[in-house]
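> following is a predicted model, sequence given first.
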Amino acid sequence: MQFTTPLVPARLIRRYKRFLADAVLEATGEEVTAHCPNPGSMMGLKDEGLRIWLEPNDDPKKKLKYAWRVAELPDGHYSGIDTAVPNRVVKEALLARAVPELAAYGTVRPEVKYGTNSRVDFLLTEPGLPDAYVEVKNVHLRRDGDWAEFPDSVTTRGAKHLRDLANVVAQGHRAVMFYLVQRTDCARFKLAADLDPAYATAFAAARDAGVEAICYDTAVTPTGVSLRNPLSIEIT
């Protein structure tokens, strides 16, 4: 997935009200307010002075003329911060049959109603195979070594998705929780059970019910984000 408009570098001043960020453009020194497309805590990705990459726009319908897409990390690493990007990356990979666990499916339908007032991110179908319901979660928390963790804050919606997926398995279908790590400095994945014990409990129950879990990292640069390698998942 490539960004539509070339990103420009800036230095973060602050992220506030969940969806806003003030920054100084490196090229001009101008202070701007950018849309921050991320409702999570963004732990470790919102420090003052962090180098970030913004996508400019000239859409007269948009109040904010910049959107924050990427955070630049130490040692040449990057993290994507837009929580809408993982679905775009996974969709591209599914259509290209680039996810081995799901490569047998030829039809990919996004945003299909299922469960209780929910829409599954992707419904995969193929003659002769059980339907596969795939939920995608954005991961960009790193606190310890090379571990990526999810969630970075309490997510009751995420726990609900796990319960809905468990019900799908009970109906004879496949259900897959797909964790996509939007940062380049992680090699393993685990749940942040201390941040959301209820989610960890729901995950364990879903696994016992037959819900599958897979995790992939991404190649993140100021030009785009793409699927990279499978990561091992620590199950506690």
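Yes, it's here. Numbers count the residues shown, from 1 in each chain.
> show me the shaky parts of this protein.
Along the chain, the model assigns pLDDT under 70 to residues 236.
> in a helix, residue 55, correct?
No. If the criterion is DSSP: H, G, I helix; E, B strand; the rest coil, then residue 55 is strand and not within a helix.
> my read: it touches residue 4, true?
Yes. Using C-beta atoms under 8 Å, residue 55 makes contact with residue 4 at a distance of 7.5 Å. Yep, even glycine has a C-beta here, placed from its N, CA and C like the rest.
> the two: which is more packed in?
residue 55 (21 against 8; other C-beta atoms under 10 Å).
> for the more buried one, give me its contacts.
3-5, 7-8, 66-69 (C-beta atoms under 8 Å, 6 or more residues apart in numbering).
> hang on, the earlier thing: shared neighbours of residue 55 and residue 4, which are they?
Common neighbours of residue 55 and residue 4 (C-beta under 8 Å, 6+ apart) do not exist.
> can you pull up the most central residue in the protein?
Nearest to the mean C-alpha position of the chain, by C-alpha atoms, centre = their mean, lies residue 138 at 1.8 Å.
> residues touching the helix or strand it falls within, excluding its own?
Per DSSP states H and E, residue 138 falls inside strand 132-139. The contact list for strand 132-139 (C-beta under 8 Å, 6+ apart) reads 83, 85-87, 90, 94, 102, 105, 114, 120-125, 148-151, 158, 161, 165, 168, 173-183, 189, 215.
> so after the helix or strand hosting residue 52, what's the next helix or strand?
Per DSSP H and E, residue 52 falls inside strand 51-56. Sequence order places strand 66-72 as the next helix or strand after strand 51-56, per DSSP H and E.
> got the angle for that next one vs strand 51-56?
Orientation check (axes from the mean of the first three to the mean of the last three C-alpha atoms, to 10 degrees): strand 66-72 against strand 51-56 gives 150 degrees.
> the helices in this structure, which residues?
Secondary structure of the chain (DSSP state H): helices located at 85-95, 156-170, 197-209.
> can you tell me how far the residue sitting furthest away from the middle of the chain sits from residue 55?
Most distant from the centre of the chain: residue 28, at 31.3 Å, with distances by C-alpha atoms, centre = their mean. From residue 28 across to residue 55, the span is 16 Å (C-beta to C-beta, to the nearest Å).
> swap in residue 232?
Taking C-beta to C-beta, one finds residue 232 at 33 Å from residue 55.
> which neighbours does the strand holding residue 52 have in its sheet, and in what orientation?
Note on strand 51-56: by DSSP bridges, its sheet partners are strand 8-16 (antiparallel), strand 66-72 (antiparallel).
> now residue 112. Nearest residue, chain neighbours left out?
residue 123 (4.2 Å; C-beta to C-beta, 6 or more residues apart in numbering).
> what pairs with the one you found across the strands?
residue 109, residue 133.
> list the contacts for it?
With C-beta under 8 Å, 6+ apart, residue 123 has these contacts: 108-109, 112, 114, 131-134.
> which member of these is positioned nearest residue 76?
residue 134 (31.5 Å; C-beta to C-beta).
> the residue nearest to that closest one when sequence neighbours are not counted and residue 102: what is the separation?
Among residues not flanking residue 134 along the chain, residue 122 sits closest, at 4.3 Å (C-beta to C-beta, 6+ apart). To residue 102, residue 122 is 9 Å away according to C-beta to C-beta.
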